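S.K.: predicted model follows, preceded by the sequence.
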Amino acid sequence: MDHNIYHARNGTRRHFNRYQELGQYAFGDKLGLWIVVPQQLIVEVGVDIVYMVTGENSLQKFHDLLRPHVKIRTTYFIMIFASAHFVLSHLRNLNAISGVSLAAKSKTNWIYCCSLWAKQLCSTKS
């Protein structure tokens, strides 16, 4: 995916690598930043909230499958997910977790197959 921004004026093309650069070019050095940065911040915060809620919901559903009678507050799941995300975000690159990723994929496939097998067993008994 190419994140470069181009602007054509009078037959010449100017290359912008960031939205801040485009805002500064369009509105001036100070006003451009005052227009672009708050909008980027709003989008970033919104994406982070959606990411945390989605991760929390997935983690909570996984916990409810394993231990349905144990109730844990939603905020705790958000904190657990945020802690795991914080640790993973401080790795130097994604190659450092390639072994973890491979193990997670195998475990996911194994759990998926076992859950289908258990569902089939339950449906044949009833």
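M.R.: Alright, I've got the coordinates. Residues are numbered from 1 along each chain as shown.
S.K.: need the pLDDT of residue 107.
M.R.: With respect to pLDDT, residue 107 has a value of 69.
S.K.: center of this protein - which residue?
M.R.: Centroid-nearest residue in the chain: residue 51, 4.9 Å away (criterion: CA atoms, centre = their mean).
S.K.: state the helix or strand in which it lies.
M.R.: Following DSSP states H and E, the helix or strand that holds residue 51 is helix 29-66.
S.K.: what sits up against the next helix-or-strand element following that helix?
M.R.: Moving toward the C-terminus from helix 29-66, the next helix or strand (DSSP H and E) is helix 74-89. Residues from elsewhere that reach helix 74-89, judged by CB atoms under 8 Å, 6 or more residues apart in numbering: 52-53, 55-56, 59-60, 63, 97. C-beta here means a position set from N, CA and C on the backbone, and glycine is covered the same way.
S.K.: buried among those residues? Make that a ChimeraX selection.
M.R.: To isolate the buried members of the contacts of helix 74-89 in ChimeraX, using 16 or more other CB atoms under 10 Å:
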select :52,55,56,59,60,63
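S.K.: need the contacts of helix 74-89 in JSON lines with pLDDT and distance to residue 28, can you?
M.R.: Listed next are those as JSON lines, based on pLDDT from 0 to 100; distance: CB to CB, whole Å:
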{"residue": "52", "pLDDT": "85", "distance to residue 28": "36"}
{"residue": "53", "pLDDT": "87", "distance to residue 28": "38"}
{"residue": "55", "pLDDT": "85", "distance to residue 28": "40"}
{"residue": "56", "pLDDT": "86", "distance to residue 28": "42"}
{"residue": "59", "pLDDT": "88", "distance to residue 28": "46"}
{"residue": "60", "pLDDT": "90", "distance to residue 28": "48"}
{"residue": "63", "pLDDT": "90", "distance to residue 28": "52"}
{"residue": "97", "pLDDT": "62", "distance to residue 28": "43"}
